[in-house]
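Asks: generate a structure from the sequence data that follows.
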Amino acid sequence: YEIIRVTGVQTCALPICSNSPLIPIELQNINDPPELLLDDTVDGNYQTVFTEGDEPVRITGDLSLTDIDSEQLSQCSASIADAPDGSNEILSASAPLGCNVDVESSNNGNDLLLRGPAPVAEFEHVLSTLSYENIDEDPTTGTRKIRVQCIDSEGGVSETMISLVDVIPLDDAPDRKSVV
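Replies: Presented below is the predicted three-dimensional model:
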């Protein structure tokens, strides 16, 4: 809550008057945004490694999602800030049967939108399954920055959290046809 106005008033009810002023306070409800942490670190961000040919890697650690004044969230999103290997770089997440969170992929797999409305705990569960994969035969070396953010049912927007994925290509064996 936020105090928006305080006014001083002296009260008197015959036959007794009070020297203590009555101070009415008007409160305005303020929406607190969701609090998202991708890992139990000082800044709440996460970092991992993806090596060419590996299975998808989780991009969250000890994830935590709370909202002090909203029981439901409307959506969360995850997006790769720069994907030099284009549609070969894929974000994914899974929602169990009966979960009210819909997982939608767009931008050739570089973006995920988790749609509700659904309870905070359901979003937290689905976010804990966020994964990154690069299916390129020769992925570009470097760090991918994945932004994750949530919005509650009242429109409060969480801070954007970052998951860094270091992509490491492997030296491919020479092709027999190219060896003379």
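Asks: burial count for Asn29?
Replies: As a burial measure, Asn29 scores 8 neighbours (other C-beta atoms under 10 Å). Using the backbone N, CA and C atoms, a C-beta is placed for each residue, glycine as well.
Asks: an error on my part: the question was meant for Glu124.
Replies: Glu124: 20 neighbours (other C-beta under 10 Å).
Asks: quick one: contacts for the nearest residue to Asp138 once chain neighbours are set aside?
Replies: Nearest non-adjacent residue to Asp138, counting by C-beta to C-beta, 6 or more residues apart in numbering: Pro169, 6.0 Å away. Listed by C-beta atoms under 8 Å, 6 or more residues apart in numbering, the contact partners of Pro169 are 52, 138-141.
Asks: the same query, at a cut-off of 10 Å, please.
Replies: By C-beta atoms under 10 Å, 6 or more residues apart in numbering, the residues touching Pro169 are 51-53, 134, 136-142.
Asks: need those residues in TSV with pLDDT, can you?
Replies: Converted to TSV, those look like this (pLDDT from 0 to 100):
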residue	pLDDT
Thr51	97
Glu52	96
Gly53	94
Asn134	97
Asp136	96
Glu137	93
Asp138	95
Pro139	97
Thr140	97
Thr141	97
Gly142	97
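Asks: mind listing the helices for the protein?
Replies: 120-127 (DSSP state H).
Asks: where does it dip in pLDDT?
Replies: 1-23, 173, 175-180 (pLDDT under 70).
Asks: determine the longest strand present in it.
Replies: As assigned by DSSP state E, the longest strand anywhere in the chain is strand 142-152.
Asks: return the distance of the closest residue to Ser64 other than its chain neighbours relative to Tyr132.
Replies: Counting by C-beta to C-beta, 6+ apart, the nearest residue to Ser64 once its immediate chain neighbours are dropped is Leu37, at 4.5 Å. Note on Leu37: its distance to Tyr132, by C-beta to C-beta, to the nearest Å, is 18 Å.
Asks: cool, Gln75 as well?
Replies: To Tyr132, Gln75 is 20 Å away according to C-beta to C-beta.
Asks: who has more neighbours, those two?
Replies: A count of neighbours by other C-beta under 10 Å puts Tyr132 above the other of Gln75 and Tyr132, at 22 against 19.
Asks: how close does Ile135 get to Glu104?
Replies: Taking C-beta to C-beta, one finds Ile135 at 20 Å from Glu104.
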